[in-house]
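**Student:** sequence and computational prediction follow.
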Amino acid sequence: MVTVTGLSLFPNSTITELLLVDDWGVVLVNGTFWNMAASAESYLVDIAEIPKEQFFVLLRGQDGTGAVFQRLSPTMISSSSLKITAQDQEVVRSGEEFNVTFTLRLDGPPSTYNLTVRDDHKFTHGIRNSRVTVGGNVTVDGMAHFFVPNGTRPGTSITITIEALSPDTGDFNYEMMQLTVMEQVVDLISPNCTITHLVKPCPFHPGTNCSAETWQLGALLSDLGTGIVRVYSRLGNGTLETREVEMNMTAANYSASCCFPEVELIAVDGAGNVGKCSVGVGLPSPPQTSPTPQTSPSPQTSPKPRRLPPSRRLPPSRRLPPSRRLPPFRRLPPFRRLPAPRILPDSAPSPASSEPRKTSGADSS
C-alpha cells in the first residue's frame, strides 16, 4: 500500500506509475496498480518481486490540471535475504507467562545472525538462542519468553519486535507483532451446540446432479461463561449465517449442496474454549438394482455310509465222526540194557603193544 499525503487536496488527481529505481535512476521493478484505491490518499500496488539491489521508490501522477508530478522516497531501501515468520497469537492474560515462537529462513549461503527481542512494555524475559546460523534453505526455530504482570490493564496492546542482524554480511531484518492483554477469567466450560432443525432433501434420482440439491441445518449455540465470540463452519463448503438472539446465545443457519453432506459448526468463547456440532446427511448413492436371484445348487450332501450287514458267523467246525478218528499212539517197549564191559588184566598185552617198538639210535646206550 502506498500513501501520498496531501493528494486529496487536489481533486481529480491520479497516480499513474510506481517504480523501484536504483541510485542511477534505472528502473528495477514496475509496480501494478489495482483498479480500486484503498482511500483518497492510499493506493494498493502489486510488486511482483523485491530486487536484491538497494532501491528508491519513485511515484508519478497527474494533478487536477493535468500537470505531471513525481515523488521520490527520501531513503534508499534494501531487501533482506533473511525471512522471519512469527506465530499467530492475538491475546494474552495478565499474571501469565507466554512464549512467542518464530522461524528464520535464509535464501543463500549460510550466515550467522544475532537475535534480539524487545517490546514496548518491558515484558520480555529473554530469548532461547541469541545467536544462530541460517542458510541453505534450512529453517531455524526460535522462541522468546514473556511475562505479563498481575494488574496489567485489560485491553493493553503489546508490540513485540524480533530483530536479526548478521555481523558478517550486514544483512538485517525484523518482524513485528501486536498482542492484546485480556482480563484474567477462569472459564473452563465449552460452548454448547444444539441442533434445532435439519432439512435434508437429498434423495438420489436417476440423472440428477448432487449440486442441484441442497440441505439445511439450524443450530443454537450458547455459553454460560465469557460468551461466544466466534462461530464458523468446517469440513463443508456451504453458507453460514449467524445472529445473536439473546445474551450469550447465537442462532446459526447453514445450507450446502448435497455434494458436501458433512459439516462442523464451531463456537469459540472469550476464554478460548471450543464447542462444536458435527452433522452428516450421508453421501447420495445411485439406486442399487436388486440382482436377479440365482438359484444356487443345493449343497450336495455326501451319502451316508451304508452299514454293512453284520458279518455272518461261520458255523462251528464240524467234529469228525468217531469212526474216522486216528488211533492212539502205540507205546514202544522199554530199552534193553546192555551188559557192562569186561576189564582185562594188566599182564595181558594190549593189542597195540604186540607190535615191536621202534627205537631211534639216540636211545641206545
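**Tutor:** Nice, I can see it. Residues are numbered from 1 along each chain as shown.
**Student:** right, and the helix or strand after the helix-or-strand element of the chain with minimal mean pLDDT?
**Tutor:** Sorted by mean pLDDT, DSSP states H and E, the helices and strands of the chain end with strand 32-37, the least confident at a mean of 64. Going down the chain from strand 32-37, the next helix or strand is strand 42-46, by DSSP states H and E.
**Student:** for the very next helix or strand once past that following strand, packing partners?
**Tutor:** Where DSSP H and E defines the elements, the next helix or strand beyond strand 42-46 is strand 56-62. Applying 3 or more CB pairs under 8 Å, 6 or more residues apart in numbering; DSSP states H and E, one finds that strand 56-62 makes contact with strand 14-21, strand 68-72. Yep, even glycine has a C-beta here, placed from its N, CA and C like the rest.
**Student:** would Ser211 count as being in a helix?
**Tutor:** Yes. Secondary structure of Ser211 (DSSP: H, G, I helix; E, B strand; the rest coil): part of a helix.
**Student:** what's the neighbour count on it?
**Tutor:** Look at Ser211: counted by other CB atoms under 10 Å, it has 10 neighbours.
**Student:** contacting residues for it?
**Tutor:** By CB atoms under 8 Å, 6 or more residues apart in numbering, the contact list for Ser211 reads 257-259.
**Student:** between those, identify the one with the most neighbours.
**Tutor:** Most neighbours among these, by other CB under 10 Å: Cys258, with 22 neighbours.
**Student:** isn't that residue up against Val199?
**Tutor:** No. Applying CB atoms under 8 Å as the test, Cys258 and Val199 come out as separate, 11.6 Å apart.
**Student:** overlap in contacts of the two?
**Tutor:** Counting by CB under 8 Å, 6+ apart, the residues touching both Cys258 and Val199 are Trp215.
**Student:** quickly find the element holding Glu175.
**Tutor:** Applying DSSP H and E as the criterion places Glu175 in strand 172-182.
**Student:** which secondary structure elements does that strand contact?
**Tutor:** Packing contacts for strand 172-182, counted by 3+ CB pairs under 8 Å, 6+ apart, involve strand 82-86, strand 91-93, strand 157-165.
**Student:** would you mark the buried spots in stretch 271-285?
**Tutor:** For stretch 271-285, the neighbour count (16 or more other CB atoms under 10 Å) marks 271, 273, 275, 277, 279, 281, 284 as buried.
**Student:** what's the closest of the residues you listed to Tyr43?
**Tutor:** Ala271 (40.9 Å; CB to CB).
**Student:** what's the closest non-adjacent residue to that closest one?
**Tutor:** Leaving aside its chain neighbours, Ala271 sits nearest to Asp187 (3.6 Å; criterion: CB to CB, 6 or more residues apart in numbering).
**Student:** low-confidence ranges in the stretch 151-300 of the chain?
**Tutor:** Scanning the stretch 151-300 of the chain for pLDDT under 70 picks out 184-186, 203-209, 282-300.
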